[in-house]
Every structure is written in structure tokens, then in C-alpha cells.
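J.: here is a sequence with its predicted model. Questions after.
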Amino acid sequence: MRRRDFTDLAVPGVRGLRPYTPGKPIAELEREYGVSDSIKLASNENPLGASPRALEAIRGELDEVWLYPDANGFELKRALAERHGLSPDCITLGNGSNDVLVFLAQAFLQPGLEAVFSQYCFAVYPIACRMVGASERVVPALPSAGPMPLGHDLRALYQAIGPETRMVFVANPNNPTGTWLDGRRLKDFAASLPPQVICVIDEAYAEYADSDVLGDASTWLEELPNLVVTRTFSKAYGLAGLRVGYALSNPGVADLLNRVRPPFNVNSLALAAARAALEDVEFIERSRAANAGGMEQLREGLAALGLEVLPSAANFLLVDFGRDAAPVNEALMRAGVIVRPVANYGLPNHLRITIGSARQNERLLSALAEILPAQ
Ligand SMILES: *Cc1c(COP(=O)(O)O)cnc(C)c1O
């Protein structure tokens, strides 16, 4: 069909939007490059797959897929409430935590209002803000020479709060940098914000991080009514394809988020799988241990190749190639290894690499060992 340009009819926020750039799917790489047996270390998925208990729960639910799911996710919310020691009315379920990030923007932002976030923050924050026509205030990240290179600068974030600011987004640990914030400092930051500012702490990688250092922001909710904590089943829980995430907040905030939430936004297989996955504590333990081992393997291997790697509390590493990383990325794709270019984050010299299984990590390292000297 001949394409017609409708840009002029779009609302201003949408005109300025660029779609989120996802990691390249394996099938797409294989189609485009004519390679096979590829691996994907691009989207921070769990190399152990999903919890076997979650898979079993999905099978048990299959015969019911003709029925609408429980629009309120009663059972999953009850399990989450118990896990976090909160009441179910503090929870908003999302089709991935991406969904709840958008609800937050829809509920609290509009043209004339502003959200604050760090340079090198998760790409969904600016997308959600732009979508609703709000302004964005991007705060410079910490210098690359410091102890937490390219990480969030809490002091600068605080100073950027203005009269129109209604929301601050902080990811702990952060994607794409992997950097983290000390839990006590982050809590003080959240407590210092004016009452009209919602503080969103995105804990997508919390299961991988050391909670003694980063803290668990869901335990601060009682004291900090303006706090919203987001979590996901996409990363350590290994359910990225099912799309389940949630926000924990004061019930007053959850009430507003649930007003903009589309009914049935979490499907019945996802509800059942998430509930089962939550109970599989052993799987999370195994995932953490595998990630710690894989992180060491990759760090050592990358250092041996002379590459700079940022500190990470998550399940990926941000690697500095010291020059344009696009040719390295291209050569890796030809070798059947998908990693994540981050030029769209303003990091053209870096690649973000998910910690894979020992074999996948080895495959990435040997591909790099062949590619780098030739470049
Ligand atoms: C992956 C990720 C998410 C969530 O993704 P969903 O699959 O939508 O739950 C949220 N925040 C950060 C920082 C992430 O890296």
C-alpha cells in the first residue's frame, strides 16, 4: 500500500517518539546473515531458561485459555503481597514492568510537567514521558573515571528537581550501565524529595544484586508514600516472553495506576507462571549462583582481551571498546553472537553483553579473540 504521512495528525508527544530498540531476535539474525546455531546475549534473559515449576503451571493452565484471565490477578497479587509483606492493594500488575512505567507516566505526567532521570538510564523512561507530552530533564551521569563510572548521580538528580517535576526515575542496578546505588543513600534521596514528586525505583535486576548493599526499596514504602518500586519476571525469573511485571506503591498510587491499566493486561498463562515462579526459591538461588560464576568468567576473559568493563550488580556487563564498537558488533553477528549495541544510549564505544551460560560466554570470548586483532 502507498504510505501516507499522518505525522501532522499525531499528538505532539508521539511525533517526537522513536520506537524502543530491542535486542535482535535469534531468528532475525539467522535470516539476515545466513548463519545458524546463534546465541543471544542481548536482552538480559536468564540463560537457565524458566523455572520448571513455572512451565508446569503454564501446562496446567492451557485448557483454560478460552476464558478471560482474572482481570485483577487476585492469586498473583496475594502471593506478591505475601512476598513483600504488603497488602494486595499496594500492587499494580503490568504486561512486563514496561507497562507499569507507562501507567506511571499516564497517571502523573502531561505537557507542562517534567520527569527527571539520569543520562544512560533505561530507554523506556524517556519514551514513556514523551508519549504523554511531558518534559524530560536529563541529568549528567557520574564521570567514567570515578568508582561508579557512568552511574546515577543522586546529588545532581536532587538538584535537577524543579517546580514542574512530578517524577524521578532511578534504576537500581541500572541498565545499560550495570552500576548501582547504595541503598541507604538511595533511601535518603527518596525521602528528601518534595511531596509532589513520585520517586520510581526500578528494581528489574534486584534478584541478582546484593540486597545488603542496594537495599530493598519495597521495605521503604511504609515510610515513603511517594515511592513506587517496579519489579519484573522477565530477568532472573526467566519469563521474558510472557510479559509480567508489577509496581509496589502506596495504595493511593496503586488506585490511580489501576485506573489507567487496561483490563486483562496480564494473560492467564503469565499469571499462573509468575505465581509458580515466585515460589521456586531454589531456581532463583541457582540463577544467582550461575550469574556470579558467569560474571567472573566474562570479566576475566574480557580483561584478558584488554577490554575495560564497568562494575555491574546485574546479569550483564557494559564493555568499553575504546573506539566505535559498531564494527565489533557487526563481526559478532556474523559469528552468530548477538549482543546489544548501546549507541542509541549515547555510548557508541560500548556494547552491553548479557551473562550467558558458561558455554555461551566461552563462545562470545573466542569470537572476540578472533575479531579484535583483525579490526
Ligand atoms: C528489562 C528491564 C525492565 C523490564 O522489562 P519488562 O520485560 O517490561 O518487565 C525494566 N527496567 C529495566 C531497567 C530493565 O532493564
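T.: Here it is on my side, so go on. Numbering: from 1, shown residues only.
J.: near the ligand, which residues of the stretch 101-250 of the chain?
T.: Near the ligand, the residues belonging to the stretch 101-250 of the chain are 122, 171, 175, 202, 204, 232, 234-235, 240, 245 when assessed by CB under 6 Å from any ligand atom. All C-beta atoms are positioned from the backbone trio N, CA, C, and that covers glycine.
J.: ok, of those, which one's closest to residue 292?
T.: The shortest approach to residue 292 among these belongs to residue 235, at 14.8 Å (CB to CB).
J.: tell me the contacts of the spatially most central residue of the chain?
T.: In the chain, the C-alpha nearest the mean C-alpha coordinate belongs to residue 204, at 5.0 Å (CA atoms, centre = their mean). Each residue near residue 204 by CB atoms under 8 Å, 6 or more residues apart in numbering is listed here: 97, 122, 171, 175, 230-232, 234-235, 245.
J.: could you rerun that using 10 Å?
T.: Contacts of residue 204 were listed using CB atoms under 10 Å, 6 or more residues apart in numbering, and they are 44, 96-98, 122, 171-175, 230-236, 245, 314-315.
J.: the stretch 101-250 of the chain: helices as residue ranges?
T.: Remark: helices assigned in the stretch 101-250 of the chain by DSSP state H, counting those that start in this stretch are 124-131, 154-159, 183-192, 211-214.
J.: mean pLDDT added to these, as CSV?
T.: Supplementary listing: those in CSV, determined by pLDDT from 0 to 100:
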stretch, mean pLDDT
helix 124-131, 96
helix 154-159, 98
helix 183-192, 98
helix 211-214, 96
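J.: out of the ones you listed, deepest packed?
T.: When you average the neighbours per residue for each of the helices of the stretch 101-250 of the chain (mean count of other CB atoms under 10 Å), helix 124-131 leads with a mean of 21.
J.: helices or strands up against it?
T.: Helix 124-131 is packed against helix 12-15, helix 97-108, strand 114-118, strand 135-139, strand 165-171, strand 198-202, with contacts defined by 3 or more CB pairs under 10 Å, 6 or more residues apart in numbering; DSSP states H and E.
J.: can you tell me which of the ones you listed the model trusts least?
T.: Ranked by mean pLDDT, those bottom out at helix 12-15, with a mean of 89.
J.: just the buried residues of that one, please?
T.: residue 13 (16 or more other CB atoms under 10 Å).
J.: which residues touch residue 244?
T.: Contacts for residue 244 were tallied using CB under 10 Å, 6+ apart; they are 73, 76, 93-97, 99, 231-234, 237, 265-267, 269-271, 273-275, 277.
J.: which of those residues are buried?
T.: 73, 76, 93-97, 99, 231-234, 237, 265-267, 269-271, 273-275, 277.
J.: now do the contacts for the residue lying closest to residue 189 once chain neighbours are set aside.
T.: Closest residue to residue 189 in three dimensions, ignoring its sequence neighbours and counting by CB to CB, 6 or more residues apart in numbering: residue 154, at 4.7 Å. Residues in contact with residue 154, defined by CB under 10 Å, 6+ apart, are 118, 139, 142, 168, 170, 181-182, 185-186, 188-190, 192.
J.: now do the contacts for residue 324.
T.: Residues in contact with residue 324, defined by CB under 10 Å, 6+ apart, are 343, 348-349, 375.
J.: show me which of the residues you listed are buried.
T.: When burial is judged by neighbour count using 16+ other CB under 10 Å, the buried members of those are residue 349.
J.: and whatever residue of the chain ends up closest to the ligand, how far is that from residue 300?
T.: Among residues of the chain, the one nearest the ligand by CB to the nearest ligand atom turns out to be residue 96. It sits 2.6 Å away. For residue 96, the distance to residue 300 equals 33 Å [CB to CB, to the nearest Å].
J.: same check, this time on residue 161
T.: Distance of residue 161 to residue 300, given as CB to CB: 41 Å.
J.: neighbour count winner among those two?
T.: When neighbours are counted by other CB atoms under 10 Å, residue 161 and residue 300 differ, and residue 161 comes out ahead with 19 against 12.
J.: pretty sure the more buried one contacts residue 117?
T.: No. With contact defined as CB atoms under 10 Å, residue 161 does not count as touching residue 117 (11.6 Å).
J.: overlap in contacts of the two?
T.: Counting by CB under 10 Å, 6+ apart, the residues touching both residue 161 and residue 117 are 137, 139, 168.
J.: which residues touch the second one?
T.: Meaning residue 139. Remark: with contacts taken as CB under 10 Å, 6+ apart, residue 139 is in contact with 116-119, 121, 152-161, 168.
J.: for the nearest residue to residue 325 once chain neighbours are set aside, helix, strand, or coil?
T.: On the basis of CB to CB, 6+ apart, the spatially nearest residue to residue 325 that is not a chain neighbour turns out to be residue 351, at 4.9 Å. Residue 351 carries the three-state label strand when classified by DSSP: H, G, I helix; E, B strand; the rest coil.
J.: before we move on, what about residue 272?
T.: The three-state label for residue 272, taken from three-state DSSP, comes out as helix.
J.: pretty sure it contacts residue 59?
T.: Yes. With contact defined as CB under 10 Å, residue 272 counts as touching residue 59 (9.4 Å).
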